[in-house]
Structure formats: C-alpha cells, structure tokens
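**Q** build me a model from this:
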Amino acid sequence: MSNTALDDIMAKRIKSAQKSGFKVLESHGCEATGGGVVLGERNWGRTEVKALFFKPRAHRNPFREEVVTSAHEKLALPGRVTKILQEIKDAKVAPHDLKVGEIIACVSGVTMQSAKFYKVVGIPHPRKVSLAKLENRMVSGDWMSGLVEPVDVDLDATAACGTFAVDMSSGEPRIKTGSSIDRMSRWSGRPVDIYCD
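**A** Have a look, this model is predicted:
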C-alpha cells in the first residue's frame with residue numbers, strides 16, 4: 001500500500017475512533033498489510049489506554065480492542081498488527097478438528113430461536129464436513145418455549161444431507177450455512193433453548 005493511501009485510510013480510522021467517543025493519542029499504519037492501530041482513551045468510563053486494531057481497507061469498525069498497560073506493549077503495537085492479521089489469515093485456512101460421529105447444533109433466529117441437530121458423517125476435506133440431520137426431542141417445555149436435544153442414532157456417509165465449509169477463525173469450528181441468522185457449531189452436550197415471540 002502506498003504511503004499516501006495508508007495516510008488517507010489512517011486519517012479515516014482516527015476520525016471514526018473520535019466519532020465513537022475515543023480521544024486519540026497516536027496511530028500506526030502497516031505498509032505491508034494496510035492494517036493499522038489507533039491508540040487512545042475513551043471519553044467516558046475508566047481511563048485506560050486502548051488499542052483499536054483495523055483490518056486492511058477497513059476504517060469504520062476495528063476488529064479488535066485491547067488495553068495497553070505498558071510502554072513496551074505500546075512500542076510493539078505496529079508489529080502486532082501484522083502478527084494478528086497473519087494469525088487471522090492462518091486460522092481461516094486451518095483444518096478443523098471435528099470428528100466423524102460428533103453432533104453439531106444449528107441455532108437459528110434472533111427474536112425467535114429454533115434448533116436443529118446434525119451428525120458429522122464424513123470429512124471430505126480438512127476444511128469441510130458432511131452432515132446428516134438428526135431428530136430432536138423436547139426435554140422440557142413446549143414448542144413455544146423449552147429445551148431440546150438431539151436423538152443420537154448411528155448414521156453413515158450415505159445419510160449425508162450436505163457438505164459444508166468450516167471456519168476456524170474463532171479458534172472453534174463454525175460451520176458456514178450461508179444464512180446470517182444461523183449459528184452452527186459443535187454441540188455442547190446441554191439442551192438448547194427454543195422460544196417464540
């Protein structure tokens with residue numbers, strides 16, 4: 001990224017941080033990645049120095065916020081931007097750790113919440129899983145509000161209903177469904193809340 005382009009985007013990051021109630025102390029852009037960090041303090045609450053980390057080309061919303069407690073941490077921030085961005089990139093292509101036979105919970109909704117369960121029946125690629133749908137049963141309550149859990153049965157790869165990509169960027173396997181209201185990940189083993197408005 002050219003110095004002029006990086007300076008422009010850093011100015012936008014500073015302005016965005018100030019609009020959100022941030023008193024900016026300093027900022028650093030990373031020429032290699034285009035990412036950046038803005039240091040400052042919130043205009044309200046506890047007085048502590050925070051670092052707002054921005055991904056390349058992003059200037060409105062930082063992807064991470066960390067408290068900076070020492071001058072040593074402050075000096076290391078420009079290099080940390082590159083390191084954090086590389087960790088995020090590596091995590092996106094990291095192989096998942098799901099195993100055949102594990103149960104996946106798909107929780108859908110915001111104001112109304114439902115749950116479906118799946119079983120891993122195949123691993124066709126280090127970043128993909130083949131899933132088969134499981135039935136669920138009410139543990140308590142009713143269809144308006146209650147707790148459900150899966151009915152675990154033996155399934156094989158012929159029962160697969162679909163193959164999905166798996167994202168490891170959070171450190172835990174998250175199955176990509178293509179829906180903004182679905183949260184699909186390894187089942188915790190505890191019943192899942194369902195409810196209607």
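**Q** gap between Asp90 and Gly171?
**A** Distance, Asp90 to Gly171, using Cβ to Cβ, to the nearest Å: 12 Å. Placement of C-beta: from N, CA and C, glycine included.
**Q** who has more neighbours, the two?
**A** A count of neighbours by other Cβ atoms under 10 Å puts Asp90 above the other of Asp90 and Gly171, at 11 against 8.
**Q** Arg80 falls within a strand, correct?
**A** No. Counting by DSSP: H, G, I helix; E, B strand; the rest coil, Arg80 is not found in a strand; it is helix.
**Q** most centrally placed residue in the chain?
**A** Ser170 (4.8 Å; Cα atoms, centre = their mean).
**Q** could you find the closest non-adjacent residue to that residue?
**A** Once flanking residues are discounted, Ser170 sits nearest to Ala91: 7.8 Å by Cβ to Cβ, 6 or more residues apart in numbering.
**Q** and the one you found, how many neighbours?
**A** Neighbours of Ala91 (other Cβ under 10 Å): 13.
**Q** and the helix or strand hosting it, which residues are buried?
**A** Secondary structure assignment for Ala91, by DSSP states H and E: helix 71-92. Within helix 71-92, the residues that count as buried by 16 or more other Cβ atoms under 10 Å are 74, 77-78, 80-81, 84-85.
**Q** out of the residues you listed, the closest to Gly45 would be?
**A** Lys74 (20.1 Å; Cβ to Cβ).
**Q** that closest one and Val68 touch, don't they?
**A** Yes. If you go by Cβ atoms under 8 Å, Lys74 and Val68 touch, sitting 5.4 Å apart.
**Q** any residues in contact with both of those two?
**A** 39, 49 (Cβ atoms under 8 Å, 6 or more residues apart in numbering).
**Q** which outside residues touch the worst-scoring helix or strand of the chain on mean pLDDT?
**A** The weakest-scoring helix or strand in the chain, judged by mean pLDDT, DSSP states H and E, is helix 71-92 (a mean of 79). If you take Cβ under 8 Å, 6+ apart as the criterion, helix 71-92 is touched by 28, 30, 32-33, 35-37, 39, 49, 51, 53, 55-56, 63-64, 68, 167-171.
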